[in-house]
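Q: take this sequence and fold it.
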Amino acid sequence: MSESKKEEVNKEKIDKDEVLKKDEEIKKQNNNKQNEEQRKKEEFEKMAKKEQGFFRKIYNSIFKIEKYPDMSSQGFPKALSYLGKLVAIFTIVVCLGIVFQTQKSIQQGVNYLENSFPNFSYKDGILNVESEEAIIIDEPPIAEKIIIDTKTEDANKINEYINQLEKAGDGAILLKDKIILKNISVAGTINYNYKEILSQMNINDFTKQDVINFANSSEIYKLYISLFITMFLYAFIMYFLAAMVDVFLISIFGYLSTKLARLRIRYVAIYNMAIYGLTLSILLNIIYVAINIFVDFNIEYFQVMYIAIPVIYVIAAIFILKSEFIKKQQELLKIAQVEATIREKEEQEKEKDKEQKEKEERREKDKEEEKNKDKEEKGDKQEPEGSNA
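A: Sure, this is the predicted structure:
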């Protein structure tokens, strides 16, 4: 093989190596781009999830009214789930408060039993309190009036006790074989037989000391837990339905405000915004209930404020949306105006080009006509010379 051929082969190898290196570099760049895009996508998804988190929604619902349309666009199921979580927190606080007050009342009752109440015992459906006279408690922790008389069977006397309960509003009468309850929200009284109630709990007999021992033992906490669970299930349903009604009322104000703003928004979107608008009211209600557990006080017109706050939030969100819509319309008008001016300039330039072309064509025609005239004149001059020859 000659040296020139060897050089050509070496050059071809070098060229192939360079091409392969370039291909590898291009592949690496593409992979880096893909990895960068994937990383950005993951970061965006993380930010989106963070933005959609429960506590982030609470913050946005209170401090970022402009976020209402974005949160509302996530759909009704997510808004309903958010409301359910808020109501669950509220219900937990309420139930804890009730359990705390119950524990406090039981402790007061135990102290009263130990120090002031006579001995008593229960056996085979009969309650016996060692007192010849009726015991009347006018300000018990859990009712307006409690009357205890396990000696009487006189119907007239029992009716007299019932009349006293009706005047008080609510309370209880403890007789030897039954308890009569009166509640202010229910007409008439309700009778419960001791044996029927206590036999379901496998209680056949007890004494005063047994009750005191049970109230001071760890077994009482099972009662508190059972009370909490039972009340939570019932209260959550009631409070959730009440919250849905409140949201409906707030959404009506929101719907009317869309009419005033001349803005077309789907009702479900307004309803979702009303749910987020209720956030601050529910949190304030939680604080109000929590304080009331320890300090008994009342805020006048709290219920009016409870509805007014979310109404203001929703109306503000709708008018912010309206202002953004107007801004976008103005931007679109500006863009349309700019596009129109650009089109006019393009048309003017086209017309100028057209005129310029026409002028050039005319010039060309004029030149050709002049050339043709010159040729004709030259031809006329040459013809006589030929004839003379």
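Q: and the strands in this structure?
A: 120-123, 126-129, 135-137, 145-148, 171-174, 178-182, 189-193, 205-207 (DSSP state E).
Q: ok, which of those comes nearest residue 77?
A: strand 189-193 (41.5 Å; CB to CB). Backbone N, C-alpha and C define where each C-beta goes, glycine included.
Q: for that closest one, which positions count as buried?
A: Applying a neighbour-count criterion of 16 or more other CB atoms under 10 Å, one finds residue 189 buried in strand 189-193.
Q: pull the CA atoms of it into CSV?
A: What follows is strand 189-193, C-alpha atoms only, in CSV (Å, rounded to 0.1, in the frame of the first residue of the first chain):
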residue,chain,number,x,y,z
THR,A,189,-91.5,14.0,80.0
ILE,A,190,-89.7,10.8,79.3
ASN,A,191,-89.7,7.8,81.7
TYR,A,192,-86.9,5.2,81.9
ASN,A,193,-87.1,2.1,84.1
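Q: deepest of the strands of the chain, which one?
A: Each of the strands of the chain was scored by mean neighbour count; the highest is strand 171-174, a mean of 23, by mean count of other CB atoms under 10 Å.
Q: partner strands of it, with direction?
A: As defined by DSSP bridges, the strand partners of strand 171-174 come to strand 145-148 (parallel), strand 178-182 (antiparallel).
Q: mind listing residues that contact that strand?
A: Residues outside strand 171-174 that contact it (CB atoms under 8 Å, 6 or more residues apart in numbering): 127, 129, 140, 143-150, 158, 161-162, 165, 179-182.
Q: alpha carbons of that strand, as PDB, please.
A: Presented in PDB, the C-alpha positions along strand 171-174 are these (Å, rounded to 0.1, in the frame of the first residue of the first chain):
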ATOM      1  CA  GLY A 171     -84.200  18.400  84.900                       C
ATOM      2  CA  ALA A 172     -84.800  14.900  86.300                       C
ATOM      3  CA  ILE A 173     -86.900  13.100  89.000                       C
ATOM      4  CA  LEU A 174     -85.300  10.000  90.600                       C
END
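Q: so how far is that strand from its chain's centroid?
A: In terms of CA atoms, centre = their mean, to the nearest Å, the centre of strand 171-174 is found 45 Å from the chain centre.
Q: pLDDT of it, averaged?
A: On average, the pLDDT along strand 171-174 is 86.
Q: cool, stretch 358-367 as well?
A: Stretch 358-367 carries an average pLDDT of 75.
Q: how far is it from where the chain is centred?
A: Mean C-alpha position of stretch 358-367 versus that of the full chain (CA atoms, centre = their mean) differs by 76 Å.
Q: outline the domain layout of the chain.
A: 52-114+210-357, 125-203 (automatic domain parsing).
Q: lowest-confidence stretch among the ones you listed?
A: Taking the mean pLDDT of the domains of the chain, domain 125-203 comes last: a mean of 82.
Q: and that one, end to end?
A: Distance across domain 125-203, first residue to last, is 10 Å (CA to CA, to the nearest Å).
Q: could you redo the strands of the chain as CSV and give each row distance to residue 96?
A: Formatted as CSV, the strands of the chain follow (distance: least, CB to CB, whole Å):
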stretch, distance to residue 96
strand 120-123, 31
strand 126-129, 32
strand 135-137, 27
strand 145-148, 26
strand 171-174, 25
strand 178-182, 25
strand 189-193, 28
strand 205-207, 29
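Q: which of those strands sits closest to residue 231?
A: That would be strand 178-182 among these, by CB to CB, at 18.2 Å.
Q: can I get the closest one as PDB, trimmed to CA atoms?
A: Extracted in PDB, the C-alpha atoms of strand 178-182 (Å, rounded to 0.1, in the frame of the first residue of the first chain):
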ATOM      1  CA  LYS A 178     -87.600   4.800  87.400                       C
ATOM      2  CA  ILE A 179     -86.200   8.200  86.300                       C
ATOM      3  CA  ILE A 180     -88.300  10.900  84.800                       C
ATOM      4  CA  LEU A 181     -86.500  13.300  82.400                       C
ATOM      5  CA  LYS A 182     -87.700  16.700  81.200                       C
END
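Q: quick check, residue 204 in contact with residue 121.
A: No: the criterion here is CB atoms under 8 Å, and residue 204 misses it with residue 121 at 11.8 Å.
Q: that's all I had, so thanks and see you.
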